[in-house]
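Engineer: sequence? don't have it. structure:
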(Lines give C-alpha, C1' and ligand atoms only; values in the text may rest on other atoms or scores of the structure.)
Protein backbone atom coordinates (compact mmCIF):
# COMPACT_ATOMS: atom_id res chain seq x y z
CA UNK A 1 0.00 0.00 0.00
CA UNK A 2 1.27 3.46 -0.91
CA UNK A 3 -0.17 6.65 0.55
CA UNK A 4 -0.96 9.22 -2.14
CA UNK A 5 -3.05 11.73 -0.16
CA UNK A 6 -2.77 12.81 3.45
CA UNK A 7 -4.32 15.80 5.17
CA UNK A 8 -4.95 17.02 8.69
CA UNK A 9 -8.64 16.73 9.51
CA UNK A 10 -9.34 17.79 13.12
CA UNK A 11 -8.32 17.60 16.76
CA UNK A 12 -10.82 15.97 19.11
CA UNK A 13 -10.43 16.72 22.84
CA UNK A 14 -12.75 13.80 23.57
CA UNK A 15 -14.87 11.17 21.80
CA UNK A 16 -17.80 13.50 21.21
CA UNK A 17 -15.66 15.51 18.77
CA UNK A 18 -14.48 12.50 16.74
CA UNK A 19 -15.75 12.23 13.15
CA UNK A 20 -18.57 9.90 12.23
CA UNK A 21 -17.19 6.38 12.34
CA UNK A 22 -17.70 5.53 8.68
CA UNK A 23 -13.98 5.13 7.93
CA UNK A 24 -11.54 2.68 9.56
CA UNK A 25 -9.10 4.18 12.05
CA UNK A 26 -5.48 3.27 12.72
CA UNK A 27 -4.13 5.00 15.81
CA UNK A 28 -0.58 5.70 16.91
CA UNK A 29 0.30 5.64 20.59
CA UNK A 30 3.41 5.92 22.74
CA UNK A 31 5.30 7.99 25.24
CA UNK A 32 5.50 11.72 24.67
CA UNK A 33 9.10 11.68 23.44
CA UNK A 34 9.01 8.56 21.27
CA UNK A 35 8.76 10.42 17.94
CA UNK A 36 5.19 9.70 16.85
CA UNK A 37 4.88 12.86 14.75
CA UNK A 38 8.13 12.14 12.91
CA UNK A 39 6.99 8.58 12.17
CA UNK A 40 3.62 9.79 10.90
CA UNK A 41 5.35 12.28 8.61
CA UNK A 42 7.74 9.60 7.33
CA UNK A 43 4.95 7.06 6.85
CA UNK A 44 2.87 9.48 4.80
CA UNK A 45 5.92 11.03 3.10
CA UNK A 46 4.67 14.46 4.21
CA UNK A 47 7.32 16.55 5.89
CA UNK A 48 5.03 18.72 8.02
CA UNK A 49 1.76 16.79 8.24
CA UNK A 50 2.10 16.12 11.95
CA UNK A 51 3.74 18.92 13.88
CA UNK A 52 6.89 17.84 15.67
CA UNK A 53 7.93 19.65 18.80
CA UNK A 54 10.87 19.84 21.16
CA UNK A 55 8.34 20.02 23.97
CA UNK A 56 7.04 16.55 24.86
CA UNK A 57 3.37 16.34 25.76
CA UNK A 58 2.27 18.98 23.26
CA UNK A 59 -0.39 16.74 21.70
CA UNK A 60 -3.38 16.98 24.02
CA UNK A 61 -6.14 15.78 21.72
CA UNK A 62 -6.92 12.96 19.32
CA UNK A 63 -5.41 14.35 16.12
CA UNK A 64 -7.12 13.01 12.99
CA UNK A 65 -5.57 12.77 9.52
CA UNK A 66 -7.50 11.68 6.45
CA UNK A 67 -5.48 9.23 4.36
CA UNK A 68 -6.35 8.59 0.69
CA UNK A 69 -9.98 9.48 1.45
CA UNK A 70 -10.22 5.91 2.74
CA UNK A 71 -9.10 5.81 6.38
CA UNK A 72 -8.17 7.92 9.38
CA UNK A 73 -4.77 7.97 11.01
CA UNK A 74 -5.24 9.03 14.64
CA UNK A 75 -2.40 10.42 16.74
CA UNK A 76 -3.16 9.79 20.41
CA UNK A 77 -1.83 12.07 23.15
CA UNK A 78 1.56 10.88 24.38
CA UNK A 79 1.54 9.32 27.81
CA UNK A 80 4.01 9.65 30.65
CA UNK A 81 4.92 13.33 30.46
CA UNK A 82 5.33 14.59 34.02
CA UNK A 83 5.24 18.36 33.48
CA UNK A 84 1.48 18.55 33.19
CA UNK A 85 -0.95 18.49 36.08
CA UNK A 86 -2.15 15.24 37.60
CA UNK A 87 -5.68 16.31 36.71
CA UNK A 88 -4.75 16.70 33.05
CA UNK A 89 -2.89 13.39 33.03
CA UNK A 90 -5.95 11.72 34.49
CA UNK A 91 -8.20 13.27 31.84
CA UNK A 92 -5.89 12.07 29.05
CA UNK A 93 -5.93 8.59 30.54
CA UNK A 94 -9.72 8.47 30.72
CA UNK A 95 -10.22 9.72 27.18
CA UNK A 96 -7.58 7.39 25.76
CA UNK A 97 -9.19 4.38 27.45
CA UNK A 98 -12.63 5.43 26.25
CA UNK A 99 -11.33 5.76 22.72
CA UNK A 100 -9.52 2.42 22.77
CA UNK A 101 -12.43 0.52 24.32
CA UNK A 102 -15.45 2.23 22.78
CA UNK A 103 -14.44 3.47 19.33
CA UNK A 104 -15.96 0.98 16.87
CA UNK A 105 -14.02 2.42 13.92
CA UNK A 106 -10.69 1.58 15.55
CA UNK A 107 -9.00 -1.29 13.69
CA UNK A 108 -5.41 -1.28 14.92
CA UNK A 109 -3.18 0.42 17.49
CA UNK A 110 0.43 1.07 16.48
CA UNK A 111 2.47 1.31 19.68
CA UNK A 112 5.78 3.14 19.33
CA UNK A 113 8.70 2.38 21.63
CA UNK A 114 12.18 3.89 21.68
CA UNK A 115 14.44 1.03 20.61
CA UNK A 116 17.35 2.46 22.60
CA UNK A 117 15.66 1.83 25.93
CA UNK A 118 13.80 -0.91 27.73
CA UNK A 119 10.03 -0.34 27.88
CA UNK A 120 9.01 1.78 30.84
CA UNK A 121 6.47 0.64 33.42
CA UNK A 122 3.90 2.79 31.59
CA UNK A 123 4.78 1.12 28.28
CA UNK A 124 4.36 -2.32 29.82
CA UNK A 125 1.08 -1.30 31.43
CA UNK A 126 -0.22 -0.02 28.09
CA UNK A 127 0.79 -3.17 26.21
CA UNK A 128 -0.87 -5.34 28.84
CA UNK A 129 -4.03 -3.21 28.71
CA UNK A 130 -4.29 -3.69 24.95
CA UNK A 131 -3.66 -7.42 25.20
CA UNK A 132 -6.03 -7.94 28.12
CA UNK A 133 -8.85 -6.17 26.27
CA UNK A 134 -8.26 -7.92 22.96
CA UNK A 135 -7.45 -4.70 21.10
CA UNK A 136 -5.46 -5.46 17.91
CA UNK A 137 -2.04 -3.84 18.00
CA UNK A 138 1.51 -4.02 16.75
CA UNK A 139 4.74 -2.61 18.11
CA UNK A 140 7.22 -0.36 16.34
CA UNK A 141 10.66 0.04 17.89
CA UNK A 142 11.51 3.51 16.62
CA UNK A 143 14.85 5.35 16.25
CA UNK A 144 16.58 2.25 14.85
CA UNK A 145 19.23 4.45 13.23
CA UNK A 146 20.56 5.36 16.68
CA UNK A 147 22.02 1.96 17.62
CA UNK A 148 24.03 -0.87 16.06
CA UNK A 149 22.52 -3.85 14.26
CA UNK A 150 23.58 -6.21 17.01
CA UNK A 151 21.92 -3.98 19.60
CA UNK A 152 18.77 -3.88 17.44
CA UNK A 153 18.64 -7.65 17.45
CA UNK A 154 19.06 -7.73 21.21
CA UNK A 155 16.31 -5.17 21.77
CA UNK A 156 13.98 -7.11 19.50
CA UNK A 157 14.67 -10.26 21.48
CA UNK A 158 14.00 -8.39 24.73
CA UNK A 159 10.59 -7.19 23.54
CA UNK A 160 9.68 -10.64 22.28
CA UNK A 161 10.56 -12.07 25.68
CA UNK A 162 8.42 -9.45 27.42
CA UNK A 163 5.47 -10.26 25.13
CA UNK A 164 5.94 -13.97 25.77
CA UNK A 165 5.76 -13.34 29.52
CA UNK A 166 2.53 -11.39 28.95
CA UNK A 167 1.19 -14.19 26.73
CA UNK A 168 0.82 -11.70 23.88
CA UNK A 169 1.63 -12.46 20.25
CA UNK A 170 1.75 -9.37 18.02
CA UNK A 171 3.91 -8.21 15.09
CA UNK A 172 7.06 -6.27 15.92
CA UNK A 173 8.70 -3.79 13.53
CA UNK A 174 11.88 -1.73 13.77
CA UNK A 175 12.11 1.59 11.99
CA UNK A 176 13.68 5.01 11.73
CA UNK A 177 11.71 8.12 10.82
CA UNK A 178 14.72 9.50 8.96
CA UNK A 179 14.74 6.42 6.71
CA UNK A 180 11.12 6.23 5.46
CA UNK A 181 11.72 2.95 3.64
CA UNK A 182 12.04 1.22 7.02
CA UNK A 183 8.32 1.88 7.50
CA UNK A 184 7.20 0.14 4.29
CA UNK A 185 6.58 -3.18 6.02
CA UNK A 186 4.48 -1.45 8.67
CA UNK A 187 2.49 0.36 6.00
CA UNK A 188 1.74 -2.93 4.24
CA UNK A 189 0.56 -4.38 7.55
CA UNK A 190 -1.69 -1.36 8.19
CA UNK A 191 -3.10 -1.72 4.69
CA UNK A 192 -4.37 -5.20 5.51
CA UNK A 193 -6.41 -3.85 8.41
CA UNK A 194 -7.78 -0.97 6.34
CA UNK A 195 -8.84 -3.29 3.50
CA UNK A 196 -10.40 -5.85 5.85
CA UNK A 197 -12.37 -3.26 7.84
CA UNK A 198 -16.11 -3.79 7.91
CA UNK A 199 -17.86 -0.82 9.50
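Structural biologist: Received, thanks. Keep in mind it's a predicted model, so treat the numbers as computed, not measured. Numbers count the residues shown, from 1 in each chain.

Engineer: chain center to the helix or strand containing residue 11, what's the gap?
Structural biologist: Residue 11 is part of strand 6-12, with elements assigned from DSSP states H and E. The offset between the C-alpha centroid of strand 6-12 and the centroid of the whole chain comes to 16 Å, using Cα atoms, centre = their mean, to the nearest Å.

Engineer: per-residue pLDDT, the closest residue to residue 46 other than its chain neighbours?
Structural biologist: In space, not counting the residues next to it along the chain, residue 46 is nearest to residue 6; the distance is 5.2 Å by Cβ to Cβ, 6 or more residues apart in numbering. Bear in mind the C-beta positions are built from the backbone N, C-alpha and C, glycine included. The predicted local confidence for residue 6 comes out at a pLDDT of 94.

Engineer: helix or strand for residue 100, which one?
Structural biologist: When secondary structure is defined using DSSP H and E, the element that contains residue 100 is helix 86-102.

Engineer: tell me the SS of the residue lying farthest from the centre of the chain?
Structural biologist: Using Cα atoms, centre = their mean, the residue of the chain lying farthest from its centre is residue 150. It sits 25.2 Å away. Going by DSSP: H, G, I helix; E, B strand; the rest coil, the secondary structure assigned to residue 150 is helix.

Engineer: who are the contact partners of it?
Structural biologist: Contact partners of residue 150, counting by Cβ atoms under 8 Å, 6 or more residues apart in numbering, are absent.

Engineer: distance check, it against residue 176.
Structural biologist: Taking Cβ to Cβ, to the nearest Å as the measure, residue 150 and residue 176 are separated by 16 Å.

Engineer: equivalent analysis for residue 137, please.
Structural biologist: If you measure residue 137 against residue 176 using Cβ to Cβ, the figure is 21 Å.

Engineer: report the contact partners of the spatially most central residue of the chain.
Structural biologist: When the chain is reduced to its mean C-alpha position, the nearest residue by Cα atoms, centre = their mean turns out to be residue 28, at 1.9 Å. Neighbouring residues of residue 28 by Cβ under 8 Å, 6+ apart: 36, 39-40, 73-76, 109-110, 112.

Engineer: next one: residue 76
Structural biologist: By Cβ under 8 Å, 6+ apart, the contact list for residue 76 reads 27-29, 59, 62, 96, 99.

Engineer: now do residue 157
Structural biologist: Contact partners of residue 157, counting by Cβ under 8 Å, 6+ apart, are absent.
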